[in-house]
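Chemist: what follows is a predicted structure for the sequence shown.
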Amino acid sequence: MPPKKRARVAKRSAKTDKGAAEGETSSSGGRRRKAAAAAETGGKEESSESPASPQHCRWLMKSEPESRFENGLDLKFGIEDLKAAPDQTSCWDGVRNYQARNFMRQMKEGQVAFFYHSNCKEPGIAGIMEIVKEAYVDHTQFDKKDVHYDATSKPDNPKWSMVDVQYQRMTKRYLPLSELKNYHLQHRAKGGPLKDMALFTRARLSVQPLTTEEFDFVLSLEDKEPL
DNA sequence: GCCAACGTTGGC
DNA sequence: GCCAACGTTGGC
């Protein structure tokens, strides 16, 4: 991903878009590597089981809340940073993984997503945000100074997209990965809403879909004891 | 800091 | 189109 970075990570304030259009899949002419080309088409491998992708409406997006430097730039962007942004809104830039990008392209304004803290002391869900601007060109792919610069992407056919998200609220309590994992294992053994949760079945995906059942169950945990 | 899992690259 | 090598993600 980014020049050696995580595929998640958002940063700075949004509202700065201007990219307007963007569009689709752009599968350019065919010289792309096949894995990439396949991933880029989206639909297919992302839902290997269902020919017609389910149409997701809830999401989970990962970002690192603790400082970590790359090329002298801090990748830190936790929920507190989103909350502190102008209008509590930010673009979610820096995603450099096709599946994650494709999921972002499916996002609709008004949908909600969990803000997940990754690669930190205690990974887990910290809060909830709302998608306030649908997919448009991620400008950082063209910025040589940016950690997520992608020399292979050209302005006349951008590879990467981003969305804008707005802080909604913190969850009533932090929901640690360890707790979610306990439920996942439990549900996998005896059945339950988290049995196929992407956080565990596709651990490296930085932008992932949740079914409403998964989302509601996870959210119900904020009113329960830490387990 | 380690390293398993897995996505991407690129030779053939 | 296969697949080994390589690079990244992210928990622990």
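Modeler: Alright, I've got the coordinates. Residues are numbered from 1 along each chain as shown, chains lettered A, B, ... in the order given.

Chemist: am I right that residue A:185 sits in a helix?
Modeler: Yes: assessed with DSSP: H, G, I helix; E, B strand; the rest coil, residue A:185 lies in a helix.

Chemist: list the residues that contact it.
Modeler: Listed by CB atoms under 8 Å, 6 or more residues apart in numbering, the contact set of residue A:185 is empty. C-beta coordinates here come from the backbone N, C-alpha and C atoms, glycine included.

Chemist: and after the helix or strand of chain A with the lowest mean pLDDT, which helix or strand comes next?
Modeler: When each helix and strand of chain A is scored by mean pLDDT, DSSP states H and E, helix A:43-46 comes last, with a mean of 36. With elements assigned by DSSP states H and E, the helix or strand that comes after helix A:43-46 is strand A:58-63.

Chemist: quickly run through the sheet partners of that next one, with directions.
Modeler: strand A:112-117 (parallel), strand A:207-210 (antiparallel) (DSSP bridges).

Chemist: separation between the closest residue to residue A:182 other than its chain neighbours and residue A:180?
Modeler: Excluding the flanking residues, the one nearest residue A:182 by CB to CB, 6 or more residues apart in numbering is residue A:227, at 6.1 Å. When distance is defined by CB to CB, to the nearest Å, residue A:227 is 10 Å away from residue A:180.

Chemist: returning to that earlier point: figure out which of the strands paired with strand A:58-63 is closest to DNA strand B.
Modeler: strand A:207-210 (10.9 Å; CB to the nearest atom of the strand).

Chemist: just give me how far the closest one sits from the chain centre.
Modeler: Mean C-alpha position of strand A:207-210 versus that of the full chain (CA atoms, centre = their mean, to the nearest Å) differs by 7 Å.

Chemist: what comes into contact with that strand?
Modeler: Against strand A:207-210 from outside (CB under 8 Å, 6+ apart): A:8, A:54, A:56, A:58-62, A:92, A:95, A:99-101, A:103-104, A:106, A:114, A:197-199, A:202, A:218.

Chemist: which among these end up buried?
Modeler: Listed as buried from the contacts of strand A:207-210 are A:8, A:56, A:58-62, A:92, A:95, A:99-101, A:103-104, A:106, A:114, A:197-199, A:218; burial here means 16 or more other CB atoms under 10 Å.

Chemist: so which of those residues are also by DNA strand B?
Modeler: Counting by CB under 7 Å from any atom of the strand, residue A:99 from these sit close to DNA strand B.

Chemist: low pLDDT regions in chain A?
Modeler: For chain A, the stretches flagged by pLDDT under 70 are A:1-54.

Chemist: please redo it, this time with the cut-off set to 80
Modeler: A:1-55 (pLDDT under 80).

Chemist: wait, does the longest strand along it contact DNA strand C?
Modeler: In chain A, assigned by DSSP state E, the strand with the most residues is strand A:161-176. No: against DNA strand C, strand A:161-176 shows no contacts by CB under 7 Å from any atom of the strand, the least distance being 8.3 Å.

Chemist: for that strand, buried residues please.
Modeler: A:161-167, A:170-171, A:173-176.
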